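Visitor: no letters, just coordinates:
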């Protein structure tokens, strides 16, 4: 018997384990509302709420409700493209999700409000045959005619949901009959030796093993009879006589150095036997060995010979052993042992123990015996360690089946799920073949494989094999593995008794017994003190090789070629190994002792209470290993706080399903519990308040347990203030007596509340033209003691009243009525007048007046120039006349704006145009010179005149006649002017006045320049006086006289300068009267008088 850990040691390990691992589990989840590794916990996004308002709720009302609920902004809208009626809201930092939900869901305008719940993928593998795997998830399904018991399993789906993230990929070394490397459910999870180069016949990583890319093989390639028979060989009788026997096998990449067959001789054969290795049955010899007749005994035994040369057989390639003799004697010959295909179980024809090959007999031609095989053994040379080699190819089916239970690819829409197949990359399998083709092996090889697994990175060693012998060599290997952090797990054996089997019975090995789908001990399972744990082991569905193998022939198949049911403690071990590997993947620093303790402490206790010899510490429960989080309890209520609801509906929500929660576990201060119901994670109860005031609801710790046995933590206290007191009646609303404001504002004295406090929008306001409020009543709400109508009121007398409610909707009576008269009719403006109207223009000071009327009387009339920013004046009495000086305005067109106001504040306006002209016309004249025609040119002008006149009379062309007429007239005028000696001047003039149109009253005066002799004499006299006094000023020394002379000199100098000797005398006036202006005109002046004009 192996030694057990003492209670003191166990306690010490528990403390160490908790200190080492639990902080890392919880540290990453501090900011979230619960453990994100536990999808069973009710979680939601912090600071977010989903709300749907009723269709009738206006947008302003929605915004008001969101503001009062502590909403910071709308993150997005949810719903169909054309009808996104659900809003995702972000809350401000001072508002919790529960507070916002309660505030919103209690409003009649809200259809519903809820947290933005967090969800998880409910992991249930999609593998095709998962329903056959009762050991992982027992739903009570029938397996091989046996009705299962629900939950008699290791709870893997629940464990997968709770494991969370992993920290490393663990390696399970499976010491068994090898593996089908090409199985679709296994190939992706096979360990790779990254330090080795494939097929280069070199030990690249110097670990003592050549080309160990995917594990190693210590077993020979062999077949030894389960149902042994003998075949006569080398005889000429009976007929036919066989000269050659061939046996096929599949290569594994190893190097064959020895061949052994089991045979005997009869009599004294003259010729020996030769054995050759070939790639074709009749092909070239790759290697050979000879056995002399003298070396063969008379009783059946193994004869082993070295072959030459040692030959590497390519993996997954078929080879032939051809045994030949030239002996042909009926009395002196050989018998070679072989396995005869026969009836094994019932009427089924079974028993091909070496389905990987077949035997053929030659008597002239070859005859194939596809179900029969000779007894043979091919020894492999590892080059360094002397034994083993090649890949651990499984021709039995046992190792492939074990591997699938522990680490088949999970959730790949194919085949089965495995214990450690999820999360992805949680585990890899290191296949190490230590059992031969008949499932037998040597403990020396087992020990070698344990050392190999430990030195090459294995975390868990799975040994689904046993022996009745206790080996110290194997114990030393196990101790080496455990001391290097490797967990070793082995099967209890399939003898169905209390015999101790090894290595399960060794120290530091976790021994595993097998259970059924009803949580009973499997009938084949051994039991005794060496059993530490139990796990499902009867009728276990798992992977088998995708090619013919020992299991597929020797046992009746109940599944596909690549999947089948098998039973045994061998099948229980990988369930434990898989959980151990997941522990190592999640918490890489855990020791073998800590892993064993975690498995034992969280097992489901079966059989006698505590540990027993049949189930050990119990059947493995994976969810209890990974679900170490105690259930949390959240107590909420549909009733707001404070509340007047009776009773107070209360919800008790655990983070996961629990048991044993009862009404008596709920403590209520100022109330009682009624109508308690619920199951799993959700419970409800009605709380009956005893009186107004605070109602406290508490649930303590450790009143309920989850499936993993974790007790709940205490819930936060839920407090509800119960109140049915109504607020005081508001004061009478007041507003103006008469107004033109059809959206008036009402004010009243605020209400008070000594109970729950006023609602966020406590006032309901009503208005109507009926003082009794029996008809035509309209209403709205207000958050303050003031209300402004959002919709216009019609003319007339309106009555208004208000009541108040608290946060619980307790409502006061209505106030007394307030009233207001609404007048919306503006004054009537008949005409606006302006005085001093000259041809449409005004200038200087004028008077503005109007005729205005109104039903309630005009209060004032204001006049504006062009805009309301330029007030002319205001008149408060009829006839509403004001003065206006047009000089203050610019010349041109202006608008006079008139605004009239009545007593209700209604106004009307009228606009008229006013033309202002205070601009004096400006005149302009161009310089010109008078030209006198010489008398000497008169004869020439006369000739030209006569010439063109004659031309005009002679020509018939109208256009030419006109030209000649104009020229004749021109020279006639010139002739006359020359005869009379007249001077002609063409005077250009213009009058500019932009404001009175294009006409003005114009007179043109022509003046002649005349030099005045009187003025000339006066000017000479002033000059003489100036020079005289200037001279006196310069010569005189008397200051007083100097000042006098200086003053007189300046006076006469100025008089001299002012006196003009040239004057102008009007000689002609051209009176144009009203004529066109604002353009240049000309006037021709003719005179005989000389001079300047």
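Guide: Now that the structure is in, tell me what you want to look at. Please read all numbers here as calculations on a predicted model, not as lab measurements.
Visitor: only C-alpha atoms from now on, for both contacts and neighbour counts.
Guide: Will do.
Visitor: just checking, residue 576 touches residue 620?
Guide: Yes - the pair residue 576 / residue 620 is scored as a contact, 6.8 Å apart, by CA atoms under 8 Å.
Visitor: more crowded one of the two?
Guide: With neighbours defined as other CA atoms under 10 Å, residue 576 and residue 620 compare such that residue 576 has more, 33 against 28.
Visitor: wait, what's in contact with that one?
Guide: 489, 512, 535, 620 (CA atoms under 8 Å, 6 or more residues apart in numbering).
Visitor: host element of the third one?
Guide: Secondary structure from DSSP states H and E places residue 535 in strand 531-536.
Visitor: which residues does that strand contact?
Guide: By CA under 8 Å, 6+ apart, the surrounding residues in contact with strand 531-536 are 135, 153-154, 492, 504-505, 510-517, 571-573, 575-576, 600, 603, 613-620.
Visitor: if we use 7 Å, what do you get?
Guide: 135, 153, 492, 510-516, 572, 575-576, 600, 613-620 (CA atoms under 7 Å, 6 or more residues apart in numbering).
Visitor: and what of stretch 354-369?
Guide: 223, 240-250, 370-374, 395, 548-550, 553.
Visitor: can you rerun that using 8 Å?
Guide: 223, 240-250, 370-374, 395, 437-438, 548-550, 552-553.
Visitor: got TSV for the contacts of residue 576, with distance to residue 916 and pLDDT too?
Guide: Below are the contacts of residue 576 laid out as TSV (distance: CA to CA, whole Å; pLDDT from 0 to 100):
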residue	distance to residue 916	pLDDT
489	116	97
512	119	97
535	114	96
620	110	96
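Visitor: can I get these in a markdown table with distance to residue 566 and secondary structure?
Guide: Formatted as a markdown table, the contacts of residue 576 follow (distance: CA to CA, whole Å; DSSP: H, G, I helix; E, B strand; the rest coil):
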| residue | distance to residue 566 | secondary structure |
| --- | --- | --- |
| 489 | 19 | strand |
| 512 | 16 | strand |
| 535 | 14 | strand |
| 620 | 19 | coil |
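Visitor: out of these, who's the most crowded?
Guide: Most surrounded of the contacts of residue 576: other CA under 10 Å gives residue 512, at 38 neighbours.
Visitor: so it is in contact with residue 489, correct?
Guide: Yes - contact criterion CA under 8 Å: residue 512 and residue 489 qualify, at 7.4 Å.
Visitor: buried residues, the longest strand along the chain. List them.
Guide: Using DSSP state E, we find that the single longest strand of the chain is strand 1062-1076. Within strand 1062-1076, the residues that count as buried by 16 or more other CA atoms under 10 Å are residue 1076.
Visitor: so for it, mean pLDDT?
Guide: Mean per-residue pLDDT for strand 1062-1076: 85.
Visitor: now residue 955: closest residue in space, sequence neighbours ignored.
Guide: In this structure, residue 955 finds its nearest non-sequential neighbour in residue 961, 6.3 Å apart by CA to CA, 6 or more residues apart in numbering.
Visitor: helix/strand/coil for the one you found?
Guide: Classification of residue 961 using DSSP: H, G, I helix; E, B strand; the rest coil returns helix.
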